[in-house]
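# Return a 3D structure for these sequence lines:
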Amino acid sequence: MPTEQRQYYKNLLLLAYQSFGVVYGDLSTSPLYVYKSTFSGRLHRYQDEETVFGVLSLIFWTFTLIPLLKYVTIVLSADDNGEGGPFALYSLLCRHAKLSLLPNQQAADEELSSYYRNGFVARDGCSPWLRRFLEKHKKVRTVLLLVVLCGASMVIGDGVLTPAISVLSSMSGLHVRATGLQERSVVLLSCIVLVGLFALQHRGTQKVAFLFAPIVIIWLFSIGGIGLYNILHWNPRIYQALSPYYMVKFFRTTGKDGWIALGGILLCMTGSEAMFADLGHFTSASVRVAFVTVIYPCLILQYMGQAAFLSKNIFHLRTSFYDSIPEPVFWPVFVVATLAAVVGSQAVISATFSIVKQCHALGCFPRVKVVHTSRWIYGQIYIPEINWILMVLCVGVTVAFRDTTLIGNAYGIACMTVMLVTTFLMALIVIFVWQRNIIFALSFLVFFGSIEAVYLSSSLMKVPQGGWVPLVLAFIFMSVMYMWHYGTRRKYQFDLQNKVSMRSILSLGPSLGIVRVPGIGLIYTELVTGVPSIFSHFVTNLPAFHEVLVFLCVKSVPVPYVSPEERYLVGRIGPKEYRMYRCIVRYGYKDVQRDDDNFENLLVMSIAKFIMMEAEDAASSASYDIANEGRMAVITTTDDSGTPLAMRDFDGLADSMATRSSKSESLRSLQSSYEQESPSVTRRRRVRFELPADEDMGQQVKDELMALVEAKHAGVAYIMGHSYIKARRSSSFLKKFAIDVGYSFLRKNCRGPSVTLHIPHISLIEVGMIYYV
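Numbers count the residues shown, from 1 in each chain. Sure, this is the predicted structure:
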């Protein structure tokens, strides 16, 4: 075997091993509560061997068709550069068809290396009429967004319900041996475990991640072995139940009661969506290997073993899993079950953090604090606000319901809704991304959608018995997401409609009709073209501005990651003597915007590279043409090749004091005291730029670079709009409520943009503006 092939298989097996702890924790703990939930309703009237056989037949075919056929075989192939989940599919669609509602997409974004799937060729495909219909009708695109938000809200609901049902189910095993233990004691112990689980989230999963995979593997082999023992010991005929005949016979016997019982059977596949959403750092091949070789056989053996036990011990339904464990191994299995429940809960909590980060990056969630918890695993994050909200809700659900059956009713609705959303989005992926015939998409949608719709209809019958919880949670989270997205979109449209015209700026001359003071002014804007109204608002009230102006836009692109080589887009606004530039910094929805001490230096180097690149272009030597406005270049910041500036470290303040600066003596003393009080600021790298003597460089280019260097040494100021958004008086009641109440409340209570962007307060200037949208 060649060395490369051997290395590939070695990495594949290593990733498959690691995936057990992250991807399969939720799916592998389902046997704890499936049979109890299935027989909890009217099905307890049919407590006989034939019914048990029918239930096992349904579990087997459900587990084979949905997790194995749909997710492992088909859906895992639709990952977005290794990322899964509803928003990953939505971003994939937005890149291959113009379905996004935010109008800040640029042609340059399509040149990103990760923008299109490998082998994708832009063409109308088999259904150009469908593409035109979706792109033309805004209401249809809004409905699509609402479907995606519904799926994302249900994933967050899973983050509440999975820890509750997993931990409470594992703890309920104490009733089997400690018969005198009261129910409230089990609930209290479960709450203690849950609080501990959420309290440790800030430490990051990598501290204990190496334990996760062995725990789940031990758990799987334990339950697989126990299942095989129960088959041989209680009922070797149980293999006959794998025939669909028993499934048909089950529905003939039980009728409507059997249909309602589907709400319990669906719990056998509840971790399937997490398998796709948590794909993250694992390849689809490694996840498939782990599922086919270990997960599928072990879980099928366990379900068969429990059915064999129940066929001869039908009155042990309430605690069938723990009752079926042979007495000598009960306590070791109980401990492993509790640990597996914690691991499964951890996987879903991490997935919840990930989906909230994706929502926020794509403009659908208020700004929250995102902490990067791993130095080695990029993308491992912790969100404090979401963590504590999940903990309160999770403990509340556990204390309020105290029964895994009621939590299971809620859990089933959440999982089936997410699965239906994935099926719907996958049908669109087949058409627009895979560019297959619409018949394939319809076949996929009808086959899997009908199965999931039947299960969902059964779950909805249990809305009064706990099923209302995910519906209420989804409504709240969807309202928050949509109001934030709506407010953000209206604000962007206002900026777009009220931007300063280029002709009015050109009419002012190079000084812009104001005093130009030393330094660099970084004006934050969401616009990717034109000059924002905040600029004219500022100079109207204070007719002075910095010598070098940079209009900075930090935007999210619908790709998981943007490589550092492609992150910066730099362009010029107006003629060269105006010293006005535009810089767009692009992040993917999984990128974490860290507090980069080197940001200002990278920005100056990028502009310097752009000036040199522009000078080398023969066409740029011509006079300024307004038609060229908006042209931008991708600037690589990871290497120093092509940069005309040399960067030198320096220590003392005396060096900087000698530089021409716009800051007064009192402001400089205030800054030095601020730096002494803020350790993060004093740790920032202090550099000085130098312009090496280069005879080949034109005088105009040299003057422009020297002006940039002197402005950097004079200081950098960050100018940001502090906007107050109000609905117009003529607006409808719903719009006034969404903007004046909902969006306003969210803006006041979420993190400020300056904090999210890590802007030093000492250099921040906020400009108040009222937006009537």
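
# In contact with the nearest residue to Tyr90 once chain neighbours are set aside, which residues are there?
In space, and not counting its chain neighbours, Tyr90 is closest to Val148: 4.5 Å by Cβ to Cβ, 6 or more residues apart in numbering. Yep, even glycine has a C-beta here, placed from its N, CA and C like the rest. By Cβ atoms under 8 Å, 6 or more residues apart in numbering, the residues touching Val148 are Pro86, Phe87, Leu89, Tyr90, Val421, Leu425.

# Quick check: pLDDT value at the first one.
Predicted confidence (pLDDT) at Pro86: the value is 86.

# Roughly how far does the closest residue to it other than its chain neighbours sit from Phe353?
Using Cβ to Cβ, 6+ apart and skipping the chain neighbours, the partner closest in space to Pro86 is Gly151 (3.6 Å). Taking Cβ to Cβ, to the nearest Å as the measure, Gly151 falls 16 Å from Phe353.

# repeat for Lys369
Lys369 sits 11 Å away from Phe353, going by Cβ to Cβ.

# ditto for Asp703
49 Å.

# Just the terminal-to-terminal distance for stretch 315-326.
By Cα to Cα, to the nearest Å, the extent of stretch 315-326 from end to end equals 17 Å.

# More neighbours: Lys369 and Phe353, which one.
Set Lys369 next to Phe353 and count neighbours by other Cβ atoms under 10 Å: Phe353 wins out with 23 against 13.

# check contacts around the more buried one.
Ile381, Tyr382, Ile383, Ile386, Asn387.

# again, 10 Å this time
Listed by Cβ atoms under 10 Å, 6 or more residues apart in numbering, the contact set of Phe353 reads 156, 159, 201, 368, 370-371, 373, 380-383, 386-387, 390.

# Next: Lys555.
Counted by Cβ under 10 Å, 6+ apart, Lys555 has contacts 102, 104-106, 109, 361, 363, 526-528, 569, 584-587.

# Give me the three-state assignment for it.
The three-state label given to Lys555 by DSSP: H, G, I helix; E, B strand; the rest coil is strand.

# picking up where we left off before, mark which of the contacts of Lys555 are part of helices, please.
Ala361 (DSSP state H).

# Let me know the closest of the contacts of Lys555 to Gly509.
Nearest to Gly509, judged by Cβ to Cβ, of the contacts of Lys555 is Leu527 at 23.2 Å.

# From Val554, how far out is the closest one?
When Leu527 is compared with Val554 (using Cβ to Cβ), they lie 12 Å apart.

# Mind listing the shared neighbours of these two?
Residues touching both Leu527 and Val554 by Cβ under 10 Å, 6+ apart: Ile584.

# Compare those two (neighbour count), which wins?
Ranked by neighbour count (other Cβ under 10 Å), Leu527 and Val554 place Leu527 first, with 19 against 16.

# element containing the closest residue in space to the more buried one that isn't next to it in sequence, please.
Counting by Cβ to Cβ, 6+ apart, Leu527 lies nearest to Asp495, which is 5.5 Å off, once chain neighbours are set aside. Element membership of Asp495 [criterion: DSSP states H and E] is helix 468-497.

# which strands and helices sit next to whichever helix or strand comes after that helix?
Downstream of helix 468-497, the next assigned helix or strand under DSSP H and E is helix 502-506. Secondary-structure packing of helix 502-506 (3 or more Cβ pairs under 10 Å, 6 or more residues apart in numbering; DSSP states H and E): helix 533-541.

# For the helix it packs on, buried residues please.
For helix 533-541, the buried set under the neighbour-count rule, 16 or more other Cβ atoms under 10 Å, comprises Ser533, Ile534, Phe535, His537, Phe538, Val539.

# Next, the angle from that helix to helix 468-497.
50 degrees (axes from the mean of the first three to the mean of the last three Cα atoms, to 10 degrees).

# ok, residues contacting helix 533-541?
Applying Cβ under 10 Å, 6+ apart, the contact partners of helix 533-541 are 494-500, 504-505, 508, 512-515, 521, 523-525, 527, 532, 544-545, 549, 551, 580, 719-723, 765-769, 771.

# switch the cut-off to 6 Å
The contact list for helix 533-541 (Cβ atoms under 6 Å, 6 or more residues apart in numbering) reads Asn498, Val500, Ile514, Gly721, Val767, Met769.

# which one of these sits closest to Thr488?
Thr488 lies nearest to Gly721 out of those, by Cβ to Cβ, at 13.5 Å.

# separation between the closest one and Trp388?
30 Å.

# Buried only: go through the contacts of helix 533-541 for me.
Among these, those scoring as buried are Val500, Gly721, Val767, Met769 (criterion: 16+ other Cβ under 10 Å).

# thinking again about what came up before, doesn't the residue nearest to Pro86 belong to a helix?
Yes: judged by three-state DSSP, Gly151 forms part of a helix.

# Now do the contacts for it.
So Gly151 contacts Pro86, Val418, Val421 (Cβ under 6 Å, 6+ apart).

# Which ones among those lie within helices?
Using DSSP H, the subset of these located in helices is Pro86, Val418, Val421.

# Adding neighbour count and distance to Val248, write these out as CSV.
Output for the ones in helices among the contacts of Gly151, formatted as CSV (neighbours: other Cβ atoms under 10 Å; distance: Cβ to Cβ, whole Å):
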residue, neighbour count, distance to Val248
Pro86, 27, 34
Val418, 28, 29
Val421, 24, 30
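
# between those, which is closest to Pro332?
Val418 (34.0 Å).

# before we move on, back to that, show me which of the contacts of helix 533-541 is closest to Phe212.
Among these, and counting by Cβ to Cβ, the member closest to Phe212 is Gly721, at 44.7 Å.

# Am I right that that closest one is in a helix?
No: remark: Gly721 does not belong to a helix; assigned using three-state DSSP, it is strand.

# now it: how far from Leu102?
Taking Cβ to Cβ, one finds Gly721 at 18 Å from Leu102.

# which SS state does Met697 fall under?
In three-state terms, and counting by three-state DSSP, Met697 is coil.

# now do Gly521
strand.

# Can you verify my assumption that it contacts Gly715?
No: Gly521 is not in contact with Gly715 according to Cβ atoms under 6 Å; the separation is 10.0 Å.

# average pLDDT for the helix holding Asp495?
The model assigns helix 468-497 a mean pLDDT of 91.

# list the helices and strands that helix packs on?
Under the contact definition 3 or more Cβ pairs under 6 Å, 6 or more residues apart in numbering; DSSP states H and E, helix 468-497 sits against helix 138-171, helix 404-432.

# tilt between it and helix 404-432?
Using the same axes, to 10 degrees: helix 468-497 against helix 404-432 is 40 degrees.

# Identify the bridge partners of Tyr382.
With DSSP bridges as the criterion, Tyr382 is bridged to Val371.

# Wait, it touches Thr373, no?
Yes: counting by Cβ under 6 Å, Tyr382 touches Thr373, with 4.9 Å between them.

# for the contacts of Lys555, which one is nearest Leu65?
For the contacts of Lys555, the closest approach to Leu65 (Cβ to Cβ) belongs to Ala361, at 33.6 Å.

# Quick check: the closest one vs Asp591, distance?
For Ala361, the distance to Asp591 - Cβ to Cβ - is 8 Å.

# more neighbours, those two?
Taking neighbours as other Cβ under 10 Å, Ala361 and Asp591 compare with Ala361 leading, 24 against 20.

# residues in contact with that one?
Ala361 makes contact with Ser556, Tyr589 under the criterion Cβ under 6 Å, 6+ apart.

# what's the closest non-adjacent residue to Val343?
Spatial nearest neighbour of Val343, excluding adjacent residues (Cβ to Cβ, 6+ apart): Gly25 at 4.1 Å.

# meant to ask about Tyr486, not that
Using Cβ to Cβ, 6+ apart, the closest residue to Tyr486 is Ala738 (5.9 Å).
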